[in-house]
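Student: Sequence first, then the predicted structure:
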Amino acid sequence: MSQTAELINKYQRVFPEIIDIAAAKEVFWQNPQLKSVDESLKTVDFTQHDVQDAADRLNRFASYIASAFPETVTSEGIIESELVDAPATLTKLENYYDEVLSGRLMLKLDCNLPIAGSIKARGGIYEVLKYAETLAITNGLITISDDYKSFDSEEFRAFFSDYSIVVGSTGNLGLSIGIMGASLGLKATVHMSADARQWKKDLLRSKGVNVIEYESDYSHAVEQGRLESSQDPNSHFVDDESSRDLFLGYAVAAKRMQKQLIEQGITVDAEHPLYIYLPCGVGGGPGGICFGMKLVFGDHVHCYFVEPTHAPAIIIGMGTGLNEDISAQDLGLDGLTSADGLAVSRPSGLVCKAMSGLLDGVFTIDDNELYKLLALVYDAEGIRIEPSSAAGVAGIARVMAAQGGLSNNATHIIWVTGGSMVPTEEWQEYYNVGNGNTNNSY
Ligand SMILES: *Cc1c(COP(=O)(O)O)cnc(C)c1O
């Protein structure tokens, strides 16, 4: 028997979806290990205290961020996105799926996050700042009660020029680490997988970031980055596959969103459930956000991840229980997707473990759908998103199909994870593909 057939044979009883996953068909998987949040948190290696610590650190850096990135002055150096009502998108989705979709639909616009234009502006930037803070404190440059505006100075940049930050990325993580690292004066190196778009590499090089390109996939780029960094004691490797800091940087989003929901008069309780749809690559971004949301809203929030049919990662790690010991390639899949931000074949073990009793489910989506949903969101809202971030748009209809209905009182939030930095011409091509005017050549 082939390795793939063996895997399917071994796991199809506990995880029947594995058959369709291996055939690159769309599936919907409800997590059979889901427990109450209280019960789950007993076994999760992260706490409320950890998230608060991360939130406090981001607050300390706000004066630096406002000083170094003028586009954040209005938000006083806090990198946050809007939460907007999306009735026009709901109507278009009803037409698209030819179904009545009840509840309230909202979009969380991480596509417009300042500095990096994607969800990576949360975790990625947080990890760079934490590294910089640790160096600055250890070397007596600053204490936590000082004004961190001094990080935006020649003195600090000269100090940081002896240190480097390294990451492996399909694109967006590289952007956030590279831009923030270069701004602090750190030497920044980004190991880019073959999926990475040219404009992301060009942008980073224009900021003085060292971009190393590979013909192979994300796992290889991460491997090379880890290796390079391990040979230099003055180098920090941002490990997308197992970083606690990335996870916590993402988790900070939840408390802030609670405030946004309150401001908009939205109740979340047993009668008014909240559903969140999160595009998923290696799992850190959606995992951190799901964890934060569960801390804030307990059992009243339901989180679903979305992965490309050709690059499923968390769904196979969690579904089989093998965590990081299974990859899309083990199931005979090619790992290729136009959703460059989700082009990950092996999940983060740290995230699989943390999500074990917390995550409600995962579904997969075909690449062609991504372009159509990208066009739909533009037609409804005038917002430009990238293919990866269109994955969550299918969430409300997919959950309804799986559960045979939806509560009228539910609020559904599509986490729109990236897009504002995509060059107009490139975005126009995505849109044309979505409207059937061009073939998908990505
Ligand atoms: C990275 C990324 C994701 C997923 O985050 P992971 O931490 O890789 O799971 C989703 N959308 C976009 C646009 C991304 O860049």
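Tutor: Nice, I can see it.

Student: what's the offset of the lengthiest strand in the chain from the middle of its chain?
Tutor: Looking across the chain with DSSP state E, the single longest strand is strand 301-308. Offset of strand 301-308 from its chain centre (Cα atoms, centre = their mean, to the nearest Å): 11 Å.

Student: Using CSV, write down the CA coordinates of the helix or strand following it.
Tutor: Using DSSP states H and E, the next helix or strand after strand 301-308 towards the C-terminus is helix 314-320. Provided in CSV are the C-alpha atoms of helix 314-320 (Å, rounded to 0.1, in the frame of the first residue of the first chain):
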residue,chain,number,x,y,z
ILE,A,314,-4.3,22.4,10.6
ILE,A,315,-7.3,20.3,9.5
ILE,A,316,-5.1,17.2,8.8
GLY,A,317,-2.9,17.8,11.9
MET,A,318,-5.9,18.1,14.2
GLY,A,319,-8.2,15.6,12.4
THR,A,320,-5.6,12.8,12.6
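
Student: partners of the longest strand of the chain in the sheet?
Tutor: strand 274-279 (parallel), strand 361-365 (parallel) (DSSP bridges).

Student: measure the closest residue to residue 144 other than its chain neighbours to residue 120 for me?
Tutor: Among residues not flanking residue 144 along the chain, residue 60 sits closest, at 6.2 Å (Cβ to Cβ, 6 or more residues apart in numbering). No exception for glycine: its C-beta is placed from N, CA and C like everyone else's. Per Cβ to Cβ, to the nearest Å, residue 60 is found 21 Å from residue 120.

Student: Where in this structure is the helix or strand with the lowest mean pLDDT?
Tutor: Here the helix or strand of the chain ranked lowest by mean pLDDT, DSSP states H and E is helix 218-230, holding a mean of 91.

Student: burial measure for whichever residue of the stretch 101-250 of the chain sits closest to the ligand, as a count.
Tutor: Of the residues in the stretch 101-250 of the chain, the one nearest the ligand is residue 172, at a distance of 3.3 Å by Cβ to the nearest ligand atom. Residue 172 is flanked by 28 other residues according to other Cβ atoms under 10 Å.

Student: cool, and residue 272?
Tutor: 16.

Student: Please report the distance of the residue nearest to it when sequence neighbours are not counted from residue 257.
Tutor: Leaving out its chain neighbours, the residue that sits closest to residue 272 by Cβ to Cβ, 6+ apart is residue 409, at 4.7 Å. Distance from residue 409 to residue 257, counting by Cβ to Cβ: 19 Å.

Student: Which one's more surrounded, these two?
Tutor: Neighbour totals were compared for residue 409 and residue 257, and residue 257 leads with 23 against 14 (other Cβ under 10 Å).

Student: what about the closest residue to the more buried one other than its chain neighbours, distance to the ligand?
Tutor: Spatial nearest neighbour of residue 257, excluding adjacent residues (Cβ to Cβ, 6+ apart): residue 83 at 6.4 Å. Here residue 83 is placed at a distance of 17 Å from the ligand (Cβ to the nearest ligand atom, to the nearest Å).

Student: Is residue 83 bridged to anything, and to what?
Tutor: According to DSSP bridges, beta-bridge pairing links residue 83 with residue 108.

Student: Test my guess that it contacts residue 262.
Tutor: No: with contact defined as Cβ atoms under 8 Å, residue 83 does not count as touching residue 262 (11.0 Å).

Student: The two - which one has more neighbours?
Tutor: Neighbours were counted for residue 83 and for residue 262 using other Cβ under 10 Å; residue 83 has more, 20 against 11.

Student: before we move on, what SS does the nearest residue to residue 43 once chain neighbours are set aside have?
Tutor: Spatial nearest neighbour of residue 43, excluding adjacent residues (Cβ to Cβ, 6+ apart): residue 357 at 6.9 Å. Following DSSP: H, G, I helix; E, B strand; the rest coil, residue 357 is assigned to coil.

Student: Just list the residues touching residue 357, thanks.
Tutor: 33, 34, 35, 39, 40, 43, 44 (Cβ atoms under 8 Å, 6 or more residues apart in numbering).

Student: where exactly do the strands run in this protein?
Tutor: Using DSSP E, strands in the chain cover 28-30, 83-85, 104-109, 164-169, 187-192, 210-213, 235-238, 274-279, 301-308, 361-365, 411-416.

Student: Kindly present the ones you listed as JSON lines, with separate columns for mean pLDDT.
Tutor: Compiled in JSON lines, the strands of the chain are given as follows (pLDDT from 0 to 100):
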{"stretch": "strand 28-30", "mean pLDDT": "98"}
{"stretch": "strand 83-85", "mean pLDDT": "98"}
{"stretch": "strand 104-109", "mean pLDDT": "98"}
{"stretch": "strand 164-169", "mean pLDDT": "95"}
{"stretch": "strand 187-192", "mean pLDDT": "95"}
{"stretch": "strand 210-213", "mean pLDDT": "94"}
{"stretch": "strand 235-238", "mean pLDDT": "97"}
{"stretch": "strand 274-279", "mean pLDDT": "98"}
{"stretch": "strand 301-308", "mean pLDDT": "98"}
{"stretch": "strand 361-365", "mean pLDDT": "98"}
{"stretch": "strand 411-416", "mean pLDDT": "98"}
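
Student: could you redo the ones you listed as a markdown table and give each row distance to residue 371?
Tutor: Shown next, in a markdown table, are those (distance: least, Cβ to Cβ, whole Å):
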| stretch | distance to residue 371 |
| --- | --- |
| strand 28-30 | 21 |
| strand 83-85 | 22 |
| strand 104-109 | 18 |
| strand 164-169 | 23 |
| strand 187-192 | 23 |
| strand 210-213 | 25 |
| strand 235-238 | 30 |
| strand 274-279 | 14 |
| strand 301-308 | 12 |
| strand 361-365 | 11 |
| strand 411-416 | 15 |
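
Student: I'm done for today, thanks for sticking with me.
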